[in-house]
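Asks: A predicted structure for the sequence below; I have some questions about it.
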Protein chains: 6
Amino acid sequence: MFTHRIDSATYMKLLEQQDSEKLFQLIDSSREHLRQWLPWVDQNTTVEHSRQFIQRTLEQFAANNGFTAGIWYQGALAGVIGFHKIDWENRSTSLGYWLGEDYTGLGLMQKAVSKSLDYAFLELRLNRVEIRSAIGNVRSRRIPEKLGFTHEGTIRQAEKLVYGFVNHNVYGMLLEEWEEKENSKTEDDEAQG
Amino acid sequence: MFTHRIDSATYMKLLEQQDSEKLFQLIDSSREHLRQWLPWVDQNTTVEHSRQFIQRTLEQFAANNGFTAGIWYQGALAGVIGFHKIDWENRSTSLGYWLGEDYTGLGLMQKAVSKSLDYAFLELRLNRVEIRSAIGNVRSRRIPEKLGFTHEGTIRQAEKLVYGFVNHNVYGMLLEEWEEKENSKTEDDEAQG
Amino acid sequence: MFTHRIDSATYMKLLEQQDSEKLFQLIDSSREHLRQWLPWVDQNTTVEHSRQFIQRTLEQFAANNGFTAGIWYQGALAGVIGFHKIDWENRSTSLGYWLGEDYTGLGLMQKAVSKSLDYAFLELRLNRVEIRSAIGNVRSRRIPEKLGFTHEGTIRQAEKLVYGFVNHNVYGMLLEEWEEKENSKTEDDEAQG
Amino acid sequence: MFTHRIDSATYMKLLEQQDSEKLFQLIDSSREHLRQWLPWVDQNTTVEHSRQFIQRTLEQFAANNGFTAGIWYQGALAGVIGFHKIDWENRSTSLGYWLGEDYTGLGLMQKAVSKSLDYAFLELRLNRVEIRSAIGNVRSRRIPEKLGFTHEGTIRQAEKLVYGFVNHNVYGMLLEEWEEKENSKTEDDEAQG
Amino acid sequence: MFTHRIDSATYMKLLEQQDSEKLFQLIDSSREHLRQWLPWVDQNTTVEHSRQFIQRTLEQFAANNGFTAGIWYQGALAGVIGFHKIDWENRSTSLGYWLGEDYTGLGLMQKAVSKSLDYAFLELRLNRVEIRSAIGNVRSRRIPEKLGFTHEGTIRQAEKLVYGFVNHNVYGMLLEEWEEKENSKTEDDEAQG
Amino acid sequence: MFTHRIDSATYMKLLEQQDSEKLFQLIDSSREHLRQWLPWVDQNTTVEHSRQFIQRTLEQFAANNGFTAGIWYQGALAGVIGFHKIDWENRSTSLGYWLGEDYTGLGLMQKAVSKSLDYAFLELRLNRVEIRSAIGNVRSRRIPEKLGFTHEGTIRQAEKLVYGFVNHNVYGMLLEEWEEKENSKTEDDEAQG
């Protein structure tokens, strides 16, 4: 029921129990694509697993520990985006996301990440947002790189995937950087106006 | 972050922790107005109480037990609407709602209830929605009456308010009635088109 | 061990774990009779289900949320009676009950309900007791009707039974009504004495 | 509401929330008497403490871990008796009890213990009931001694009371002993009949 | 990782998850020997049961309710020793222990019990340590008898083992007794020194 | 009771409740020194806070989520070392540590970290250990640098301390690196032997 509009064809929506079947179908139809970079894909084998995942994301939201939402494109569930948790003491969070194979290459995720940054910095007043991508996951890495994140380091053997351990690039954006970007956008708009 | 659009000036939004102060201010500025029909107003005396209320509404949503949302009008929090819980075995729920004094008489709540019915019958596929109003609460009673609910009975001394026990009118709408209304709306639209 | 005497042949007793087998036998021997009006009968298929039910009724009693008791007649378990919960804020409760097929027609339940009203109004000082009966359940409806409850309305499609949704008659008795009845009984006794 | 009859003037009743005030008054009026042998008396200083105690006894009963009941004599609360817990694996329990100062010397507790043995051995089919009494607590020791328990040993410095550590006499009765006593009673009755 | 040295060949170590397999093997290779006096042996049939046992012992330690440790001899797990719980109000605890069949007769347990007494009386400042042994379990009884415990009584049919109920000898040692023994040891050492 | 020997003067010990006072004294006597790099120092103002901290570290150990231990030097508590948690899916952990002001400069922590690596890689078979130090915390940084960790990046504004946000250097050591180091040590020993 509750959505966050991205553009005329696209919105984010908090996943609810009645979306379990759709979420499972999306995963099930992209298994080969997804298992390359997501460690949980092979454990998600029934609709019940997707229902439990949705349950956990709602409990996460209720605990003021960040949102996890589905991305809907032209009326269909296309992917998932969310915070892994919120570190309120240090006012920081980290973002994770994935798209079903049919929905890559449309620029959906870059827009969804951008909206999520607005929420993190403007509504929650966090100070830092982090994105970690496996070095080989070029599509995923491109998003923080395009959005102006800083590459801060490479954590070796950070994650165990189906094909073995991978190194993680760490990208960070700070509140002060986001505000600067937003201000320059507004100035551009005004200059053009 | 997550909203449900009602009209160009109005939307519902799941309440989050960062809304606590606004919610408390709304209650605090309408105490005399609200305490007449809401039993909890005199127990809500600090922002912390509003924070705890929001916490419970998010846990309710996470438990698949219905939503509770703020109603925003022209950028300000105007009131609250929600399900008391969902009886999944019997596929029924009941609706509660209130508006700050400054926001009554604008037709906001009737629209919000109507949207909530769409959610209950269309997305959740419930079979019955109930509204209970104290007999003397004319403004509240008018909403189910205008929306075509059936008055099913009067529960005597159902609720203890500040001024004593009050009788409750029970109003019900069934899935089959809602679908008939929706169909006739569509037909009207088509006839007009 | 702990009982509430109804008459020389009949008493109520808090159900304990060691009653699980007897409770299951009572249900199992009246399935056709009970499933017509009780939604849970087809889910109760082993002694373990009856044990879990007893467990829940004891937790309910421990939580000051009302009792659930077995009705013993001539040394055998005949049925169950109890409060669904207690709404302490509004000082009201609702009563539910059922008898095994062999124990209907003996007037057991009317007496048990009457004793339960004494407990609700005299010991717990509640203000309202409610009974809801499916319209077609004539035997059940007769009890509040005979005991002087007021029929307050009919909730449509209130409950989903094996054969579909049924409408509920709502019956209520208030503390002031119960006290008046008790006083007139005493006066009768005195007039006769 | 639920009672276990001891004799025409006396019964046991599961303590309920509405008994909190009476329980506290009983303790408060016997402080000097009770604190000599009960370690918790000085910690019980408000009705709320008695309410919490009653809450725990109801949870104990709900957990199938033994009952704790008030003893009512001529309509007034006279004392408390109960199992400390039930060791189901070894089918044994231990009994504790106390009376307000005004109710000692009437033989109430011996009868209450006797009824509790019936429950333990007959209804719960336990194999062993234990009573522990501080050596100096002559009144308490007399009960198992009169009822035919066996003195099995003396645990040194077993309990810390207000006046220091005390030694505990351990008394035990086994199922086979209880059954023998019951049979001889019946035979006496038959011989007399 | 964390150990308590007993002698050059022997130490106690808090059991951790990674010890589950070793613990299960020790039990599994001594089943006939152990089941005679330990009621749980026949329920321990998989490594998972040993893992759950270790989990509980760690939770017990975390709750300040006493330790349970493995005894390692010449690099192999030889047995288990621990407190059953700690009664902080009365400052007492009771000790339990067992050895795999191959490790009996080496004097390991007497030393481990002695170290555990040091911990109970010196570090935790308890007032009483109890050991209970089935009368027929001569090897187990010899330990408190040699260490100077007092035999305080015999609890009849205290425990249900595979072969039926057994009587328990209760042995106790008090803080004052332990201190006296320690002092006389020191004096011996000084006299010899 | 349970310790891990570092050298003749030094050992690690799982903190227990009876260490609360000592832990609080250590913090209280080094406040100025500690608050510079530890965010929690100003919230630790009573022995009860240290008791709660110890409680959490024991629960962490019980949950198989890593140890936290005190470092004892010449019989006195000198500091604390532990894992923040264990990420079992990716087989990695991160280490944190601090020393009271009087115990710095003695090389205690480097030895304690080295022992903790042995535990992580040898007993738990983890694949990666991480240390994060604020860039300005030279003393802390020196430890991973001396022990052969790799500097993998700098997380900007990673932590909020009393004096504001600080950047974190991330250092990592992998299982394969640790094994290589251990092998070369052994070879050195053999060459010398």
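Replies: Now that the structure is in, tell me what you want to look at. Numbering: from 1, shown residues only, chains lettered A, B, ... in the order given.

Asks: correct me, but residue A:34 touches residue A:43?
Replies: No - proximity of residue A:34 to residue A:43 does not meet the contact threshold set by Cβ atoms under 8 Å, at 11.9 Å. (Glycine included, C-beta is placed from N, CA and C.)

Asks: In chain A, which residue sits nearest chain E?
Replies: Closest to chain E within chain A is residue A:160: 18.7 Å, counting by Cβ to the nearest Cβ.

Asks: so what's that residue up against?
Replies: Shown in contact with residue A:160 (Cβ atoms under 8 Å, 6 or more residues apart in numbering or on different chains): A:39, F:89-91, F:127.

Asks: Pull up the overlap in contacts between residue A:34 and residue A:43.
Replies: By Cβ under 8 Å, 6+ apart, no residue touches both residue A:34 and residue A:43.

Asks: Would you mind telling me which of these two has more residues around it?
Replies: Shown here are residue A:34 and residue A:43; by other Cβ atoms under 10 Å in any protein chain shown, residue A:34 has more neighbours (21 against 7).

Asks: ok, back up a step: just the element for the residue of chain A closest to chain E, please.
Replies: Element membership for residue A:160 (DSSP states H and E) is strand A:150-161.

Asks: quick one: average confidence on that strand?
Replies: Mean pLDDT, strand A:150-161: 98.

Asks: Any idea how far it is from the middle of the chain?
Replies: 17 Å (Cα atoms, centre = their mean, to the nearest Å).

Asks: Strand F:150-161 and the longest helix seen in chain A, what's the angle between them?
Replies: Criterion DSSP state H: the longest helix present in chain A is helix A:175-192. Calculated by axes from the mean of the first three to the mean of the last three Cα atoms, to 10 degrees, helix A:175-192 forms an angle of 80 degrees with strand F:150-161.

Asks: hmm, helix A:175-192 touching chain F?
Replies: No - for helix A:175-192, no contact with chain F is found by Cβ under 8 Å from any Cβ of the partner chain; the gap never falls below 8.6 Å.

Asks: neighbouring contacts of that helix?
Replies: A:117, A:121, A:125-129, A:148, A:150.

Asks: just stretch A:69-77 next, same as before
Replies: A:3-4, A:6, A:9-15, A:19, A:22-23, A:26, A:78-82, A:99-100, A:103, A:106, A:108-109, A:112, B:2.

Asks: out of the residues you listed, which are inside helices?
Replies: A:22-23, A:26, A:108-109, A:112.

Asks: buried set for stretch A:53-69?
Replies: Buried positions in stretch A:53-69, judged by neighbour count with 16 or more other Cβ atoms under 10 Å in any protein chain shown: A:53-55, A:57-58, A:60-62, A:64-69.

Asks: neighbours of residue A:28, just the number please.
Replies: 16.

Asks: Please apply the same query to residue A:106.
Replies: 15.

Asks: Ok, residue A:125 next?
Replies: Count around residue A:125 with other Cβ under 10 Å applied: 10.

Asks: Now do the SS call for it.
Replies: Applying DSSP: H, G, I helix; E, B strand; the rest coil to residue A:125 yields a three-state assignment of coil.

Asks: Please tell me the pLDDT value assigned to the closest residue to chain D within chain A.
Replies: Proximity of chain A to chain D (Cβ to the nearest Cβ) peaks at residue A:59, 26.7 Å away. Looking at residue A:59, its pLDDT reads 97.

Asks: Could you give the separation of the helix or strand containing residue A:85 from the chain centroid?
Replies: If you go by DSSP H and E, residue A:85 is part of strand A:76-87. Relative to its chain's centre, strand A:76-87 lies at 5 Å (Cα atoms, centre = their mean).

Asks: Buried residues of the lowest-mean-pLDDT helix or strand in chain A, list them for me.
Replies: Here the helix or strand of chain A ranked lowest by mean pLDDT, DSSP states H and E is helix A:175-192, holding a mean of 84. Neighbour-count burial for helix A:175-192 flags A:175, A:177-178 (criterion: 16+ other Cβ under 10 Å).

Asks: ok, now stretch A:46-53?
Replies: A:49-51, A:53.

Asks: Does the host helix or strand of residue A:172 reach chain F?
Replies: According to DSSP H and E, residue A:172 maps onto strand A:164-174. Yes - counting by Cβ under 8 Å from any Cβ, chain F is contacted by strand A:164-174 at A:165, A:170, A:172, A:174.

Asks: Which other helices and strands does that strand contact?
Replies: Helices and strands touching strand A:164-174, by 3 or more Cβ pairs under 8 Å, 6 or more residues apart in numbering or on different chains; DSSP states H and E, are strand A:128-134, helix A:138-146, strand A:150-161, strand F:150-161.

Asks: The closest residue to chain F within chain A: what's its closest spatial neighbour, skipping adjacent residues?
Replies: Chain F sits closest to residue A:153 of chain A, with a gap of 1.1 Å, by Cβ to the nearest Cβ. Distances taken as Cβ to Cβ, 6 or more residues apart in numbering or on different chains place residue F:153 nearest to residue A:153, at 1.1 Å, with adjacent residues excluded.

Asks: same check, this time on residue A:10
Replies: That would be residue A:73: by Cβ to Cβ, 6+ apart, it lies 5.1 Å from residue A:10.
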